[in-house]
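1. here are the coordinates; sequence isn't available:
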């Protein structure tokens with residue numbers, strides 16, 4: 001029986017299908033005897049994934065100490081979850097996997113088929129994982145966590161049990177010091193090492209395991225391939241200063257090159273693409289300027305290819321609501337249904353408090369400013385100012401401070417509003433209520449940098465989002481390192497023989513902009529400044545306006561996503577506006593810089609590195625052998641690591657098998673070409689205006 005297909009987005013064109021040299025056999029050979037059984041399995045699967053999603057959403061935070069659920073309710077929730085697995089899903093899972101999965105997959109694996117075409121180990125492979133997909137282990141902790149020494153506190157099934165046993169303790173050990181962005185006192189959490197760090201996230205939820213197995217099919221193993229996992233919470237500069245990560249990555253590439261005699265292939269995913277780009281800048285910079293001291297030609301001598309899978313080159317807008325209000329789209333949609341119950345377990349206040357200590361989230365904020373994100377080219381618009389955040393308060397949501405004598409009407413169109421000085425009294429200015437109904441990308445990021453977490457403006461010591469200024473900085477400048485994460489501000493290194501591949505999925509709605517409301521009952525002269533900086537120290541949050549929070553957390557943000565906002569014309573649902581992408585990273589971030597790098601005489605690619613963009617249109621299917629995933633042609637952000645076309649490309653690049661004929665050419669199935677054209681023709685848009 002063929003898999004039950006569930007099309008999403010636009011089907012791949014015939015030419016795109018033809019570009020795939022290998023068409024794998026259908027993965028499912030499990031026959032259900034009757035339709036009710038199939039329907040029942042799908043129902044169980046949907047319920048299981050939904051429950052798993054809720055458990056995932058609950059896990060990264062502590063309980064709000066002021067509204068903590070009782071022990072019985074926690075125990076009942078865990079008992080219901082475990083009973084459901086044992087009684088309903090496990091028997092079906094066993095039936096689906098017992099003795100059939102491996103045999104089915106081996107004959108259809110890309111690596112197995114390429115081996116028959118004499119694909120063999122050539123270039124050593126160095127893997128750089130992405131955000132949240134590497135496991136984290138406890139090496140030092142407080143008394144509540146000592147029993148978990150060297151156990152995973154992130155990225156394992158036991159993570160959930162640890163979380164439910166003592167959520168406050170678990171959250172405290174995942175949080176970084178908001179003053180320094182490094183370890184809290186007496187707590188050390190470090191990335192797991194080896195392939196096991198990111199092959200599977202939890203149990204059978206695969207991340208890199210499929211690609212690793214396909215490389216193993218053609219002869220790769222631990223002597224010819226390495227995974228360089230890292231603590232994905234840290235700001236990139238701190239990866240080196242705390243863990244020596246980039247020095248280890250440099251050493252791994254050099255060792256593979258020395259022992260094999262071949263240049264290495266660096267394969268990254270998601271935020272790993274930004275980390276790898278930062279590394280390519282770091283490694284060629286003199287040590288006296290904060291770099292790795294490899295010399296200008298280090299990349300040319302040691303790296304054959306940079307394979308950037310679903311890379312966040314221009315950042316991700318979804319980092320904005322995570323930092324602004326502790327919200328993700330999925331949570332915002334769930335809140336009206338689950339209400340106070342979910343908020344008890346996963347309150348916005350504690351989510352924001354946790355996430356704002358992770359410097360990596362700041363490193364994923366969109367890059368290039370309004371010149372790239374403000375024209376709406378990827379949204380089919382030709383405007384001068386496509387906002388990143390729209391304040392949607394309406395006539396019922398006008399806020400004023402207690403002592404103010406005038407109010408601000410956020411229903412006034414942005415182009416009719418007076419200046420901020422005309423609209424606000426001094427008291428209202430102190431509260432920093434949005435002066436405009438719309439915030440551009442630059443305004444939004446400026447706000448986050450100024451107010452985020454305990455860092456406040458200190459986040460600017462490791463990151464800068466002024467691409468124009470960064471482009472002007474010399475490599476020898478002390479400030480240049482703050483721009484290494486930004487490909488708009490930092491060109492590719494000098495490496496004429498290097499090849500760069502941008503491999504990603506498309507055809508999925510992806511977060512691009514947000515509609516917000518301001519909770520006026522949380523804004524008054526007595527309340528803390530919503531733009532304040534709060535430093536958590538010794539279980540007390542001291543804020544810039546002199547207020548303090550006794551439970552150790554900054555006050556709840558008065559911002560929240562307006563889930564009532566909806567517009568079919570603007571592709572907006574539940575307060576989120578969508579563009580094309582892979583479900584997590586917009587197409588603009590995935591593909592724009594890759595196209596600009598590939599242009600002749602590009603000043604962002606001064607040595608003429610060959611850059612290829614290879615898109616995969618999302619084409620999902622449900623398969624009983626891989627429940628909960630999108631199938632072998634999925635273009636979803638994580639599923640792309642198991643996409644047969646992407647896996648074939650990576651194996652061919654690593655082995656050198658027919659690369660020029662099969663891989664060294666673009667596959668564009670989205671509207672990317674037109675987006676680049678519209679953006680570059682915009683009077684204030686495009687790369688020329690970004691730098």
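-> That came through, no problem. This is a predicted model, so every value here is computed, not measured.

2. verify the contact between residue 685 and residue 378 for me.
-> No - between residue 685 and residue 378 there is no contact under C-beta atoms under 8 Å: 10.7 Å. For every residue, glycine as well, the C-beta is placed using N, CA and C.

3. which of those two has more neighbours?
-> residue 378 (28 against 24; other C-beta atoms under 10 Å).

4. count of neighbours near residue 476?
-> Using other C-beta under 10 Å, residue 476 is surrounded by 11 other residues.

5. any idea how far it is from residue 221?
-> Counting by C-beta to C-beta, to the nearest Å, the gap from residue 476 to residue 221 is 41 Å.

6. then residue 107?
-> Distance, residue 107 to residue 221, by C-beta to C-beta: 22 Å.

7. returning to what we had before: shared neighbours, residue 685 and residue 378?
-> Taking C-beta atoms under 8 Å, 6 or more residues apart in numbering as the criterion, residue 685 and residue 378 both touch residue 679.

8. now residue 676: phi and psi?
-> With angles defined as degrees, to the nearest 10, residue 676 sits at phi -60, psi -40.

9. what do you get for the one 10 residues further on?
-> Comment: the main-chain dihedrals of residue 686 come out as phi 90, psi 170, following degrees, to the nearest 10.

10. now the helices for the stretch 151-300 of the chain?
-> With DSSP state H, counting those that start in this stretch as the criterion, the stretch 151-300 of the chain has helices at 157-165, 167-174, 209-217, 236-243, 245-260, 271-283, 298-302.

11. which one of the ones you listed lies nearest to residue 558?
-> Among those, helix 167-174 comes nearest to residue 558, with 22.4 Å by C-beta to C-beta.

12. what comes up buried for the closest one?
-> 167, 169, 170, 171, 172, 173, 174 (16 or more other C-beta atoms under 10 Å).

13. could you report the pLDDT at the first one?
-> In other words, residue 167. On pLDDT, residue 167 comes in at 79.

14. swap in residue 9?
-> Value listed for residue 9 in the pLDDT field: 41.

15. got it, and residue 110?
-> We have a pLDDT of 96 for residue 110.

16. you'd agree it is up against residue 646?
-> No - counting by C-beta under 8 Å, residue 110 stays clear of residue 646, with 9.2 Å between them.

17. which one of these two has more residues nearby?
-> residue 110 (30 against 24).

18. quick check on that one: phi, psi?
-> Here is the backbone geometry of residue 110 (degrees, to the nearest 10): phi -60, psi -50.

19. separation between it and residue 631?
-> For residue 110 relative to residue 631 (C-beta to C-beta), the value is 14 Å.

20. do the same with residue 353
-> 38 Å.

21. burial measure for residue 684, as a count.
-> By other C-beta under 10 Å, neighbour count at residue 684 equals 12.

22. read off the pLDDT value for it.
-> Note on residue 684: pLDDT of 92.

23. ok, it touching residue 377?
-> No - applying C-beta under 8 Å, one finds residue 684 not in contact with residue 377, separated by 11.5 Å.

24. and residue 615, helix, strand or coil?
-> Here residue 615 is recorded as strand under DSSP: H, G, I helix; E, B strand; the rest coil.

25. give me the low-pLDDT residue ranges for the stretch 451-600 of the chain?
-> Low-confidence segments of the stretch 451-600 of the chain (pLDDT under 70): 452-458, 520-556.

26. what are the boundaries of the helices in it?
-> Assignment of helices within the stretch 451-600 of the chain using DSSP H, counting those that start in this stretch yields the ranges 467-472, 587-597.

27. could you give the angle of the longest one to helix 271-283?
-> Put simply, helix 587-597 runs at 40 degrees to helix 271-283, going by axes from the mean of the first three to the mean of the last three C-alpha atoms, to 10 degrees.

28. which elements pack onto helix 587-597?
-> Contacts defined by 3 or more C-beta pairs under 8 Å, 6 or more residues apart in numbering; DSSP states H and E place helix 587-597 against helix 369-373, strand 499-506, strand 576-581, strand 610-617, helix 672-681.

29. from residue 495, how far off is residue 484?
-> Using C-beta to C-beta, we find residue 484 at a distance of 16 Å from residue 495.

30. what about residue 591, how many residues nearby?
-> Neighbour tally, residue 591, other C-beta under 10 Å: 28.

31. repeat for the one 5 residues further on
-> Taking other C-beta under 10 Å as the criterion, the count of residues near residue 596 is 20.

32. wait, residue 250 sits on residue 291?
-> No - Residue 250 is beyond contact range of residue 291, at 10.3 Å (criterion: C-beta under 8 Å).

33. quick one: common contacting residues for these two?
-> Joint contacts of residue 250 and residue 291 (C-beta under 8 Å, 6+ apart) are residue 283.

34. of all the helices of the stretch 451-600 of the chain, which lies closest to residue 437?
-> Of all the helices of the stretch 451-600 of the chain, helix 587-597 comes closest under C-beta to C-beta, at 23.4 Å.

35. just want the angle from that closest one to helix 672-681.
-> Helix 587-597 runs at 80 degrees relative to helix 672-681, counting by the same axes, to 10 degrees.

36. ok, for residue 166, nearest residue in space, not its chain neighbours?
-> Leaving aside its sequence neighbours, residue 166 sits nearest to residue 144 (C-beta to C-beta, 6 or more residues apart in numbering; 5.4 Å).

37. which one of the helices and strands packed on helix 587-597 lies nearest to residue 591?
-> helix 672-681 (4.7 Å).

38. could you give the mean pLDDT of that closest one?
-> Mean predicted confidence for helix 672-681 is 96.

39. tell me the helices and strands packed up against it.
-> Helices and strands touching helix 672-681, as assessed by 3+ C-beta pairs under 8 Å, 6+ apart, comprise helix 587-597.
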